[in-house]
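Novice: Have a look; sequence and predicted model below, questions after that.
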Amino acid sequence: MKAVNSRNRIMEATPFSEIFQQFLHNNNRQSDYLERCAITVFKEKLPPMFQPYIKKISCTNGVLFVQISSAACKFDLMTQRTKLMQQINQQLGKNVVKDILLK
């Protein structure tokens, strides 16, 4: 698809995803974006019974920090940590999450 700008030059249409990726690259925000995506994927993969007990989730330097209000849920999630990391990284297509710390 071609568009005409104000100077009557023909410009090629660029997909938004390509423009967005270029913006992230130019502003050194790729890792921040991937960490936000990792949080979103973690919430999707988290079994529904744990969701009421999750108080805060953040991701910094490849470490996903999860604050949990229940010791029993923390123990159960501790046993699923590796599986959750693999699922998150697989869905993102990159090794974004290196560890999950439960507090």
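Specialist: Great, that's in hand.

Novice: Please report the distance of Ile100 from Asp76.
Specialist: 13 Å (C-beta to C-beta, to the nearest Å). All C-beta spots, glycine's among them, are computed from the backbone N, C-alpha and C.

Novice: go on, Ile88?
Specialist: Distance of Ile88 to Asp76, computed by C-beta to C-beta: 17 Å.

Novice: about what we covered before: same drill for Ile100 and Asp76, tell me which one is more crowded.
Specialist: Of the pair Ile100 and Asp76, Ile100 is the one with more neighbours under other C-beta atoms under 10 Å, namely 21 against 15.

Novice: Thought Gln67 was touching the more buried one, still the case?
Specialist: No: using C-beta atoms under 8 Å as the test, Ile100 is too far from Gln67 to be in contact (11.9 Å).

Novice: got a list of what the residue nearest in space to the middle of the chain touches?
Specialist: Nearest residue to the geometric centre of the chain (C-alpha atoms, centre = their mean): Cys37, 1.6 Å. When contacts are counted by C-beta atoms under 8 Å, 6 or more residues apart in numbering, Cys37 touches Leu92, Val96.

Novice: Check the average confidence over whichever strand or helix holds it, would you?
Specialist: Under the criterion of DSSP states H and E, Cys37 resides in helix 30-45. Regarding helix 30-45, the rounded mean pLDDT is 91.

Novice: Please identify the buried residues of that helix?
Specialist: Leu34, Glu35, Cys37, Ala38, Ile39, Val41, Phe42 (16 or more other C-beta atoms under 10 Å).

Novice: Show me what secondary structure element comes after it.
Specialist: Moving toward the C-terminus from helix 30-45, the first helix or strand encountered (DSSP H and E) is strand 54-60.

Novice: Check which element follows that following strand along the chain.
Specialist: Per DSSP H and E, strand 54-60 leads on to strand 63-68 as the next helix or strand towards the C-terminus.

Novice: tilt between that following strand and strand 54-60?
Specialist: Orientation of strand 63-68 against strand 54-60 (axes from the mean of the first three to the mean of the last three C-alpha atoms, to 10 degrees) gives an angle of 170 degrees.

Novice: quick one: low-confidence ranges for this structure?
Specialist: Applying pLDDT under 70 to the chain flags residues 1-11.
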